[in-house]
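S.K.: Got a predicted structure plus its sequence, pasted below:
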Amino acid sequence: MQDKLNLMIPGPTPVPEKVLQAVGKHPIGHRSKEFQAIVKRTSEQLKWLHQTKNEVLTITGSGTAAMEAAIINTLSRGDKVLCGDNGKFGERWVKVAKAFGLEVEVIKAKWGLPLNSEDFEKVLRQDVNKQIKAVILTHSETSTGVINDLQTISKHVRAHGSAITIVDCVTSLGACSVPMDEWGLDVVASGSQKGYMIPPGLSFIAMSNRAWEAQARSNLPKFYLDLDLYRKTAKKNSNPFTPAVNLYFGLEAALEMMQEEGLTSIFKRHARHRAATQAGMKAIGLPLFAPEENGSPAITAVATKDIDAEILRKNVKENFDILLAGGQDHLKGKIFRVGHLGFVCDRDVLTAIAAIEATLQSLNLLDNEMGAGIAAASKMLQ
Ligand SMILES: *Cc1c(COP(=O)(O)O)cnc(C)c1O
């Protein structure tokens with residue numbers, strides 16, 4: 001049915017009517033007083049979301065732009081970095097770091113499992129000559145639905161004394177608490193089409209004082225993503241280049257909605273939706289891909305048993321207009337992922353579970369009684 005598609009993927013996520021209307025306004029000049037007021041307001045709102053006193057800069061570009069900016073603004077040619085890799089986005093960090101000639105040591109965990117914080121502790125403790133300049137990881141690994149123990153890993157980095165912590169919080173920010181200052185995070189990267197509830201096109205980067213000190217020493221090539229320019233212009237409530245003006249309208253509206261709901265309520269809602277999705281899938285008889293206790297608040301990855309996950313996804317989309325995410329790389333066909341990130345309510349979660357259940361029933365692949373998934377999920381929502 002036209003205009004009925006429900007995005008249950010981890011980005012782009014659904015956009016509220018209020019935000020769509022804001023984005024749909026006529027653009028204004030990006031050097032105007034009116035626009036400066038929006039930059040000022042959103043930068044305050046962004047600090048609130050990041051639970052930080054640090055400046056949060058806005059870049060016109062997708063989430064990966066903020067990831068690249070993090071690397072090229074804080075590191076120098078030949079620097080050694082320690083990268084956590086337990087999925088597609090951990091892999092991306094390794095690729096970006098290598099693209100800029102950094103020496104990368106990788107700590108891996110199997111896809112579907114969290115990174116082991118003790119592995120980081122061990123390598124950092126052995127680095128007595130302080131060769132490691134940064135520890136780089138993904139908080140919520142979207143490809144496998146795993147949340148990594150960022151708080152503990154960040155503690156180990158602090159104990160090292162000189163390395164900074166660079167984190168992809170693209171699907172954790174706005175889904176669970178990421179208190180930048182309290183956890184001592186140095187660089188936090190995120191993107192608009194995820195927990196922010198706005199269309200793709202903006203990314204965000206917050207940097208601690210330690211990160212800015214590293215920035216002053218950094219010698220990797222940069223131009224469009226030179227954060228020094230962004231910081232200088234941000235002081236005047238402006239941007240170095242023409243930003244996505246209309247997305248800024250949406251950003252202001254979305255952050256206002258988030259402030260009305262409150263951080264605690266937002267995080268509780270995501271935790272409830274994770275619990276309901278996990279319970280629903282288990283009751284249907286579908287195994288969770290990641291251990292339940294390590295499940296991301298943004299997305300639940302589910303293994304299929306007797307059916308290619310791509311066929312299940314196709315049926316759910318065609319019959320119910322609900323878009324689920326597929327598995328990436330070697331997981332294609334083996335898992336599907338239910339996004340519950342951003343502008344998602346109980347109804348969205350219940351209907352997605354019902355659609356999965358009904359699809360399996362229509363294919364004669366439902367092991368358990370029809371309705372078992374919904375019963376288990378709705379119990380978690382009460
Ligand atoms: C979506 C996502 C990104 C950013 O991807 P873009 O396509 O560049 O916006 C980065 N990291 C994670 C974990 C993500 O889920």
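M.R.: That came through, no problem.

S.K.: Name the residues of the stretch 51-200 of the chain found near the ligand, please.
M.R.: 62-64, 89, 138, 142, 168, 170-171, 191 (Cβ under 6 Å from any ligand atom). C-betas here are computed from N, CA, C, even on glycine.

S.K.: can you give me the helices in the stretch 201-350 of the chain?
M.R.: Assigned by DSSP state H, counting those that start in this stretch, the helices in the stretch 201-350 of the chain fall at 209-217, 227-235, 245-261, 263-284, 309-320, 346-362.

S.K.: And these: which comes nearest residue 201?
M.R.: For residue 201, the closest of the helices of the stretch 201-350 of the chain is helix 245-261, at 4.9 Å, according to Cβ to Cβ.

S.K.: What sits closest to the residue in the chain that the ligand sits nearest to if chain neighbours are left out?
M.R.: With Cβ to the nearest ligand atom, the shortest gap between the chain and the ligand falls at residue 63, namely 2.6 Å. In space, and not counting its chain neighbours, residue 63 is closest to residue 191: 2.9 Å by Cβ to Cβ, 6 or more residues apart in numbering.

S.K.: Please compute how far the helix or strand residue 39 falls within lies from its chain's middle.
M.R.: If you go by DSSP states H and E, residue 39 is part of helix 33-50. Its chain's C-alpha centre and that of helix 33-50 lie 21 Å apart, by Cα atoms, centre = their mean, to the nearest Å.

S.K.: Check which helices and strands that helix is in contact with.
M.R.: Counting contacts by 3 or more Cβ pairs under 8 Å, 6 or more residues apart in numbering; DSSP states H and E, helix 33-50 is packed against strand 56-60, strand 202-207, helix 245-261.

S.K.: what is the mean pLDDT for stretch 198-205?
M.R.: Stretch 198-205 comes out with an average pLDDT of 98.

S.K.: Per the annotation, how does the protein divide into domains?
M.R.: With domains defined by automatic domain parsing, the chain comprises 17-260, 263-381.

S.K.: how many neighbours does residue 112 have?
M.R.: Residue 112: 21 surrounding residues under other Cβ atoms under 10 Å.

S.K.: if I pick it, what's in contact with it?
M.R.: Applying Cβ atoms under 8 Å, 6 or more residues apart in numbering to residue 112 gives the contacts 144, 146, 289-290, 301.

S.K.: angle of the helix holding residue 39 against strand 56-60?
M.R.: 120 degrees (axes from the mean of the first three to the mean of the last three Cα atoms, to 10 degrees).

S.K.: between helix 33-50 and strand 202-207, how many degrees?
M.R.: Using the same axes, to 10 degrees: helix 33-50 against strand 202-207 is 60 degrees.

S.K.: Report the central residue of the protein.
M.R.: Computing the C-alpha centroid of the chain and ranking residues by Cα atoms, centre = their mean puts residue 171 first, at 1.7 Å.

S.K.: is it true that that residue touches residue 296?
M.R.: Yes. Between residue 171 and residue 296 there is a contact at 6.5 Å, judged by Cβ atoms under 8 Å.

S.K.: Find the residues that touch each one of the two.
M.R.: The contact sets of residue 171 and residue 296 overlap at 140, 142 (Cβ under 8 Å, 6+ apart).

S.K.: what about the residue of the chain most remote from its centre, which SS state?
M.R.: No residue in the chain sits farther from the centre than residue 364, which is 35.6 Å out by Cα atoms, centre = their mean. Following DSSP: H, G, I helix; E, B strand; the rest coil, we place residue 364 in the coil state.

S.K.: before we move on, the earlier item: and the residues of the stretch 51-200 of the chain next to the ligand, which of them are in helices?
M.R.: Judged by DSSP state H, helices contain the following of those: 63-64, 89.
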